[in-house]
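>>> fold the following, please.
(2 chains)
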Number of protein chains: 2
Amino acid sequence: MTDPLNVCLERKKGHDRPGSPRSVGWTRPKRVLLADKNNPLPLDCGESLQPVTVEYETYGRLNSAANNAVFILHALSGDAHVAGWDAEWERDNRPWRKDRPGWWDEMIGPGKAFDTSRYFVVCANLLGSCYGTTGPWEISPRTGKPYGLDFPVVTVEDWVRLHNRLQDYLGIEELLAVAGGSLGGQQALAWAINYPERIRSAVIMAASARIGAQGLAFNAVGREAILNDPCFNGGQYYRDSPPRCGLQLARMLGHITYLSQNSMEGKFGRRFQNGNAPGYRLNKEFSVESYLEHQGRSFGQRFDANSYLYLTRAMDYYDASAKGQGDLASSCSKIKAKLLLLSFSSDWLYPPEDTREVGRAVLANNQPVSYLNIPSDYGHDAFLLETDQTTPLVESFLRKV
Amino acid sequence: MTDPLNVCLERKKGHDRPGSPRSVGWTRPKRVLLADKNNPLPLDCGESLQPVTVEYETYGRLNSAANNAVFILHALSGDAHVAGWDAEWERDNRPWRKDRPGWWDEMIGPGKAFDTSRYFVVCANLLGSCYGTTGPWEISPRTGKPYGLDFPVVTVEDWVRLHNRLQDYLGIEELLAVAGGSLGGQQALAWAINYPERIRSAVIMAASARIGAQGLAFNAVGREAILNDPCFNGGQYYRDSPPRCGLQLARMLGHITYLSQNSMEGKFGRRFQNGNAPGYRLNKEFSVESYLEHQGRSFGQRFDANSYLYLTRAMDYYDASAKGQGDLASSCSKIKAKLLLLSFSSDWLYPPEDTREVGRAVLANNQPVSYLNIPSDYGHDAFLLETDQTTPLVESFLRKV
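Numbering: from 1, shown residues only, chains lettered A, B, ... in the order given. Have a look, this model is predicted:
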């Protein structure tokens, strides 16, 4: 998805500042050790991993029955800081958090879709990512060096397995809901299939049972850009300059897939960067070029290239039909949660038809499912941007769970 | 477009061998100097260029009235060798020409769409390309070194201006037709607008008046991949290793845009490269990844990275509405040629709607135009692959000119 940090800029909306009644206010990330020598985390690849630390944030209060918890699941470039303002942005060198709230702040807070005056909201950083949860940047206990490419290949199911441990740790037998968009939506689906007894509902946006050949292809090109970067150094770049150019390139490409053809056209068209006449140069001529470069560069400064490799690979591998030996309806027969599926009309990375396929598979088992295709020009990013449309839907869905 | 060299493989069709009655047989590229000190080539960027050599091929015979000539215009990765078998493939180290005929051989030959028993067919390599016509790989008379990035930025209109000189050289007052797909289709349109007196008709396939923001964005990422390659060396890499990785990456990305989502899905889906179970590795896991890598690598070995920069930039700059100060209908008012416009239903690089826009602009001037949107799953590459569908259309159009 587009840098969620830029979403508010896109919409030209104001942020809810910490003092505002609709903001969760100042937040502090927490960390917890969820796998150690005595209890390593088993992974789909056959290896097991330890130690595993998870960074997470919570907002609102868990009620005494512990039945009001909602787990928000982030996508490729997200983190645990989903709402409010990071009081400790300086601690881990996360300067971009200074001027912006969490990446889905418009959806989470008192009176918002995920209403923190009613619900206890949790969000955790993914295994393999670079925002506090164990990932390839961390020191491997085996080698004493950063894992780099020694980090095991992780899957969406591994993430859910780990976050299930966080659920245990927080003392929540059953989550009221899991919710996410894009790769976050795929986690929500995995949770519904793999842990049917542990969740009551799932909100799945801009996601599908699996990405197709084109999605696999885009991810492959992005990774190739990183692997080609001379600074990549086999993944052991942490003491020197990281492969920023490769990561920037991967992000520029990814970014194109997050926007719709129409929205790009409307936003940039063929406008020149400077003046009206062509400058006859090989780069930085059209506005859309400078925009993409800026997006890529700022991402290259805040994300880890190895994490990009691992997270896109997890996206590639995810296939909800696998539990049913390739039959999606059979996989979905395990689901007990109520599902809300939302797609966005101009999303071509996770096209509406693919979200609908999930809906049909659930219906085939006579399970409750609500599906809506939301008209939007924003492409895949719509799940971040169309909060005016999604808020009432999520709100009323959660109230009925 | 997909490597036209692979088209026949794609279709699993046999080639017409040199002896076949439908083949133009053995061919030999010709070269001619079309700009020198006394007659340099003026360029849109304001510079002028000399010397300029053009490589071209011809098939069939120019009749005594010189009114049966058809000029075929190639796209990004094409060359002058559009039909038949290169008798001199060893001369300029073009080994890929050994086992394959010209890139549009299915359309050009006795009894084919561009029937060489009736028409005199010409095809010339583009200025800035790397197959015999002057380009950034050539020695600059000013510096005594290869031009590299000193080569001036060229445009579609510059190409047409140069090929117009070839038309003069060949003694053809008026071409019966110009024809091409993709970037070749845009040249055909430019020819119709800029040289209305010199052509009687134009066949324009899978092309539009201009590419939009998304197309500009894809081209920008491809160029960035080349510029990032440590071997690029500011464009002066001809004595050392060329930036093959960057060029490969650019091509992998381009290739995705030449295929439709459906055709990729049908061809590769989520098939693993080896076996049925996931191997949990970061690359070369899915068939589509290996395919793209192969496509990229073989292109990286036969194309010039600087040429890729210059040709994609020309594609970016082309805007048929420029002659009408942004008004396409006004630009098209200059057209006197009969036009045949063909789009392909699943083409998302040059979407059918954009081809139709050209048709409407021509109609607005009460000029004759035929437009057909051809149903195809092949995406942008359809103009190379759907020859069974395009042949009768082109054939009957040319007979009526």
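
>>> what about stretch A:184-196 and chain B, any contact?
No - Stretch A:184-196 does not reach chain B (C-beta under 8 Å from any C-beta of the partner chain); its nearest approach is 13.9 Å. Yep, even glycine has a C-beta here, placed from its N, CA and C like the rest.

>>> tabulate the CA atom coordinates of that stretch in CSV.
In CSV, the C-alpha atoms belonging to stretch A:184-196 read as follows (Å, rounded to 0.1, in the frame of the first residue of the first chain):
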residue,chain,number,x,y,z
GLY,A,184,-3.7,-7.4,6.7
GLY,A,185,-6.9,-8.6,5.2
GLN,A,186,-5.2,-11.9,4.2
GLN,A,187,-4.1,-12.3,7.8
ALA,A,188,-7.7,-11.8,9.0
LEU,A,189,-8.8,-14.5,6.6
ALA,A,190,-6.0,-16.8,7.8
TRP,A,191,-7.0,-16.2,11.4
ALA,A,192,-10.6,-17.1,10.5
ILE,A,193,-9.5,-20.3,8.8
ASN,A,194,-6.7,-21.4,11.2
TYR,A,195,-8.1,-20.2,14.6
PRO,A,196,-11.9,-20.4,14.2
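
>>> what about it, average pLDDT?
Average pLDDT, stretch A:184-196: 98.

>>> and for stretch A:206-224?
Computed over stretch A:206-224, the average pLDDT equals 98.

>>> can you list the residues of the stretch 1-150 of chain A near chain B?
Within reach of chain B by C-beta under 8 Å from any C-beta, the stretch 1-150 of chain A has these residues: A:D44, A:C45, A:G46, A:L149.

>>> quick one, what contacts the most centrally placed residue in chain A?
The residue lying closest to the centre of chain A (C-alpha atoms, centre = their mean) is A:A75, at 0.9 Å. A:A75 makes contacts with A:M1, A:G180, A:G181, A:S182, A:L183, A:G184, as judged by C-beta atoms under 8 Å, 6 or more residues apart in numbering or on different chains.

>>> let's go with 10 Å and repeat that
A:1, A:4, A:103-104, A:126, A:180-187, A:205-207, A:258, A:311, A:315, A:380, A:383-384 (C-beta atoms under 10 Å, 6 or more residues apart in numbering or on different chains).

>>> out of those residues, which are inside helices?
Among these, the members falling in helices (DSSP state H) are A:L183, A:G184, A:G185, A:Q186, A:Q187, A:Y258, A:L311, A:M315, A:F383, A:L384.

>>> looking at the residues you listed, spot the one nearest B:S201.
Nearest to B:S201 out of those is A:Y258 (C-beta to C-beta; 42.1 Å).

>>> so what's the residue count around the closest one?
The number of residues packed near A:Y258 is 25, by other C-beta atoms under 10 Å in any protein chain shown.

>>> that one against A:L292, yeah?
No - the pair A:Y258 / A:L292 is not scored as a contact, 11.2 Å apart, by C-beta atoms under 10 Å.

>>> can you list residues touching both of those two?
Common neighbours of A:Y258 and A:L292 (C-beta under 10 Å, 6+ apart) are A:R251.

>>> just to revisit the earlier point, of all pairs in the ones in helices among the contacts of A:A75, which one is the farthest apart?
Maximum distance among those (C-beta to C-beta): 18.0 Å, for A:Q187 and A:Y258.

>>> helix, strand or coil for A:L349?
coil (DSSP: H, G, I helix; E, B strand; the rest coil).

>>> look up how far chain B lies from the residue nearest to it when sequence neighbours are not counted.
With sequence-adjacent residues excluded and distances taken as C-beta to C-beta, 6 or more residues apart in numbering or on different chains, A:L349 is closest to A:H380, at 4.3 Å. Look at A:H380 and chain B: by C-beta to the nearest C-beta, to the nearest Å, they are 13 Å apart.

>>> and A:H380, how many residues sit next to it?
26.

>>> what do you get for A:D105?
24.

>>> ok, it touching A:D16?
Yes - at 6.5 Å, A:D105 counts as touching A:D16 under the criterion of C-beta under 10 Å.

>>> please enumerate the shared neighbours of those two.
Here A:D105 and A:D16 have A:C8, A:R22, A:S23, A:V24, A:A83, A:G84, A:W85, A:K112 as joint contacts, going by C-beta under 10 Å, 6+ apart.
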